[in-house]
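Enquirer: Sequence and predicted model, in that order:
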Amino acid sequence: MEEPFQIEIEKVRSVTHETNSQLQMKMLINSFKGTFIGYSFKNPFLFSGIQTILAPFHSDSTSNHHLPSSVFDKITKLDDALQLFDQMTQRKPLPSAVKFTQLLQAVTKMQHYSCAIDLFKQMEAIRAPANVYTTTIVIKCCCQMSCTREGFAIVAYGFRRGIVPNVITFSTLLNGLILEDRILEAERLFKKLIKMKLCEPNVVMYSTMIKGLCKVGINDTAIALLRLMDERGCKPNVITHNTIIDSLCKDEMVDDALKLFNEMVLHKGILPTVVTYNSLIRGLCSSGRWDDASKMLTGMEDERISLDVITYNILVDALCKEGMAEDAKAVMNIMVETGMDPNLVTYNSLIDGFCLRGDMRKAKEIFDLMKIRGHVPDVVTYSSLLNGYCKKSEIDEALHMFQEVTEKGVTPDVITYNTILQGLFRVGRCKDARELFNEMQAHNHILPTAFTYRIVLEGLCNNHQLDEALSLFRLMGENKLELDIVVYNIMIDGASKCGKFDVAKAVFSELSSRGLHPNVRTCNVMIRCFFREGLVREAKELFQKMAGIDCVPNQVTYNVLLQGLLKNGQHGMIKMLLEEMEGQGFSVDASSLSMLIDDISTGSLDDSLLKLSGKLVPKEGKEAPCMESI
DNA sequence: CTAGGGTTAG
């Protein structure tokens, strides 16, 4: 893929810095005709009913005397804000644009975006004063609601009142496009603003554009823009660096992140913040570099930067993911001792950590603790617990939790349903699962995802309800639902498990007519099918064909082959196979190993294979994927 | 006097 943006950066380098405000205004208007087609003056979505308002807005300061800034700071409830707004609109003369702006800002801070937009509309209706600060807040509200389009409409509308957008307004819009993943349009806007000198980008605007580039994973271009802004005399600050450092960490390029970190601190003398450290610590932990993460914590101490809730949550989560939920709990206790309140995220991570370990008693303990400490569990909390109970087949506990979800007024989402469906099928309660599957759609209006269908199909097959599975499978096809290779793999495997080899073969041969290509899993499944039927020759043939059809055999393939050969009494080939696995660096999974040992102890296999088998047992901690994960 | 950008979870 070519990178047009990089080439454009070169062009941008040659643009001069001066701006001419009169020219700027003209070009701005021209630019709106060209750039923002669809945000036209005639048809702005939000303001379709509003007539031209060009009356000058005189603000009389006497009207502001009863509205000191502190009044707006004190607003904590939406109702208070609305009440104050009503009072303000009834004053004669009306309070200044500043006062209205302060009110809108208070409403926005409470995240009542649509309400702020509504208040602005009311302001327009009574011709209340507004300026670029006011419109910028309202534009931000539009952007936060993923309606950047309407944000542009407000810019266009503002023109009619002589409100000229500035670099802050444009940064807000740029951020809106990025929030909506419209990176190409964001790039276009950014370049246009520079080329047409509509505004001189400042550090916030550059940082916003850099965030956008990072978001789509083009970190090199983001770094190029970092260098460019520096060249153009706009000094990147700690936020600019944090944005890139965080992105590099998330893309598993922690060393590059550390390089940039050093450059920032040592070269540019920019002090890191707790956010910088949080990104790096998270990156280091998730790549298993605990020592380096610990060094970062020491670094924080040296810099006298104290850990915040997010730092602790990162540590708690990382420990949980490593299976060290007990240590994670210790970290939470340290939080409490140092006077920091663990939040919902802390408890959720910890509960999930214990659930992953299958320690439901501890998970429940934390669950109770969070409730005692006044935290309200959310859908994430319940999903972890449900998942934990389901994995242990403690379905009654799971159902009890599920009941609590609805009782507590928490809306179960599709993941919640997927989890409980999987649990019900696991214990063979197909009827309940089917009822729930219907209920989620009819009652809660939650559409099943591809994942849901996979769970249901697999569940039905595992419970020997192949006909039910097949009819759902056909129904999916008729309804143009995505029938991907994964679904086919499930059906082939399921049919074979139900003893219907002919059905499995038929579904397999359907693949090509659907334009689907078998993948490694398909081959693994088919090899297993052949072995189940005692078709050793066919199994071996498919194995040999795999690499040629772009399906390179993996560890699972070898384990399937191993078990298939053992079950079919083909002991002669085992030694060679094990040696090949050793050469490829593959491990034997638990069930393969136990079969090997059984056959060695009964004398079907030679003693010498015991040593070789032992070498193929995975090291402590990481288990080889077992057969179920085909 | 009033507006914009960066970090955590199934």
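Expert: Received, thanks.
Enquirer: Past the helix or strand containing A:Asp467, which element shows up next along the chain?
Expert: Remark: A:Asp467 resides in helix A:466-478, with elements defined by DSSP states H and E. Scanning forward in sequence from helix A:466-478 by DSSP H and E, the next helix or strand is helix A:485-497.
Enquirer: Next secondary structure element downstream of that next one?
Expert: Downstream of helix A:485-497, the next assigned helix or strand under DSSP H and E is helix A:501-513.
Enquirer: List the buried residues for that next one?
Expert: For helix A:501-513, the buried set under the neighbour-count rule, 16 or more other Cβ atoms under 10 Å, comprises A:503-505, A:507-508, A:511. (Each C-beta comes from the backbone N, C-alpha and C, glycine too.)
Enquirer: contact partners of it?
Expert: Under the contact criterion Cβ atoms under 8 Å, 6 or more residues apart in numbering, helix A:501-513 has outside partners A:466, A:470, A:485, A:488, A:491-493, A:495-496, A:517-518, A:522, A:526, A:529, A:532-533.
Enquirer: how far does whichever helix or strand comes after that helix sit from the chain's center?
Expert: Tracing the chain C-terminally past helix A:501-513 and defining elements by DSSP H and E, one meets helix A:520-532 next. Offset of helix A:520-532 from its chain centre (Cα atoms, centre = their mean, to the nearest Å): 33 Å.
Enquirer: Stretch A:531-549 too?
Expert: Here the centre of mass of C-alpha atoms in stretch A:531-549, compared against the chain's by Cα atoms, centre = their mean, lies 39 Å away.
Enquirer: ditto for stretch A:423-431
Expert: Stretch A:423-431 has its C-alpha centroid displaced from the chain centroid by 29 Å (Cα atoms, centre = their mean).
Enquirer: what does that stretch rub up against?
Expert: Contacts with stretch A:423-431, where a contact means Cβ under 8 Å, 6+ apart, come from A:386, A:389-391, A:393, A:395, A:398, A:432-433, A:436, A:455-456, A:458-460, A:462-463, A:465, A:468.
Enquirer: And the helix holding A:Asp467, what's buried?
Expert: Buried residues in helix A:466-478 (16+ other Cβ under 10 Å): A:466, A:468-470, A:472-473, A:476.
Enquirer: just the buried members of the contacts of stretch A:423-431?
Expert: Among those, the ones that count as buried by 16+ other Cβ under 10 Å are A:386, A:389-391, A:395, A:398, A:432-433, A:436, A:455-456, A:458-460, A:462-463, A:465, A:468.
Enquirer: Just confirm A:Ile490 contacts A:Leu460, I think it does.
Expert: No: using Cβ atoms under 8 Å as the test, A:Ile490 is too far from A:Leu460 to be in contact (9.7 Å).
Enquirer: Overlap in contacts, these two.
Expert: By the contact definition Cβ under 8 Å, 6+ apart, A:Ile490 and A:Leu460 are jointly contacted by no residue.
Enquirer: Near DNA strand B, which residues of the stretch 351-500 of chain A are found?
Expert: Of all the residues in the stretch 351-500 of chain A, those in contact range of DNA strand B (Cβ under 7 Å from any atom of the strand) are A:352, A:378-380, A:383-384, A:387, A:413, A:415-416.
Enquirer: Show only the entries of those found in strands.
Expert: Filtering these for membership in strands, criterion DSSP state E, returns an empty set.
Enquirer: Which among those residues count as buried?
Expert: Among these, those buried by neighbour count (16+ other Cβ under 10 Å) are A:352, A:378, A:380, A:383-384, A:387, A:413, A:415-416.
Enquirer: Against A:Gln422, how distant is A:Gly459?
Expert: Distance check for A:Gly459 against A:Gln422: by Cβ to Cβ, to the nearest Å, it reads 7 Å.
Enquirer: and what of A:Thr602?
Expert: Using Cβ to Cβ, one obtains 37 Å as the distance from A:Thr602 to A:Gln422.
Enquirer: In terms of neighbours, single out the busier of those two.
Expert: Neighbour totals were compared for A:Thr602 and A:Gln422, and A:Gln422 leads with 22 against 8 (other Cβ atoms under 10 Å).
Enquirer: Show the backbone phi and psi for the more buried one.
Expert: Torsion angles at A:Gln422 (phi, psi; degrees, to the nearest 10) stand at phi -60, psi -40.
Enquirer: From A:Asp493, how far out is it?
Expert: With the distance defined as Cβ to Cβ, A:Gln422 ends up 16 Å from A:Asp493.
Enquirer: measure A:Val71 to A:Pro95 for me?
Expert: With the distance defined as Cβ to Cβ, A:Val71 ends up 11 Å from A:Pro95.
Enquirer: In terms of neighbours, single out the busier of the two.
Expert: Counting neighbours by other Cβ under 10 Å for A:Val71 and for A:Pro95 shows that A:Pro95 has the greater number, 23 against 15.
Enquirer: My understanding was that the more buried one contacts A:Phe72; is that so?
Expert: No: using Cβ under 8 Å, A:Pro95 makes no contact with A:Phe72, being 11.2 Å away.
Enquirer: which stretches of the stretch 1-150 of chain A have low pLDDT?
Expert: For the stretch 1-150 of chain A, residues meeting the criterion pLDDT under 70 lie at A:1-66.
Enquirer: Same check on the stretch 201-350 of chain A?
Expert: Per-residue confidence of the stretch 201-350 of chain A (counting by pLDDT under 70) places no residue in a weak region.
Enquirer: Now do the helices in it.
Expert: Along the stretch 201-350 of chain A, the stretches classed as helices by DSSP state H, counting those that start in this stretch are A:203-215, A:219-231, A:238-250, A:254-262, A:274-286, A:290-302, A:309-321, A:325-337, A:344-356.
Enquirer: Compute the inter-axis angle for the fifth one and helix A:238-250.
Expert: Put simply, helix A:274-286 runs at 10 degrees to helix A:238-250, going by axes from the mean of the first three to the mean of the last three Cα atoms, to 10 degrees.
Enquirer: elements contacting helix A:274-286?
Expert: The elements that helix A:274-286 packs onto, with contact taken as 3 or more Cβ pairs under 8 Å, 6 or more residues apart in numbering; DSSP states H and E, are helix A:238-250, helix A:254-262, helix A:290-302, helix A:309-321.
Enquirer: Does DNA strand B have contacts with that helix?
Expert: Yes: against DNA strand B, helix A:274-286 shows contacts by Cβ under 7 Å from any atom of the strand at A:274-276, A:278-279, A:282.
Enquirer: The fourth one too?
Expert: No: Helix A:254-262 does not reach DNA strand B (Cβ under 7 Å from any atom of the strand); its nearest approach is 11.7 Å.
Enquirer: Pull the residues that contact that helix.
Expert: Everything outside helix A:254-262 that qualifies as a contact, by Cβ under 8 Å, 6+ apart, is A:219, A:223, A:241, A:244-246, A:248-249, A:272, A:276, A:279-280, A:283-284, A:287, A:289.
Enquirer: Can you give me the buried ones in that helix?
Expert: The neighbour-count check on helix A:254-262 (16+ other Cβ under 10 Å) flags A:254, A:256-258, A:260-261 as buried.
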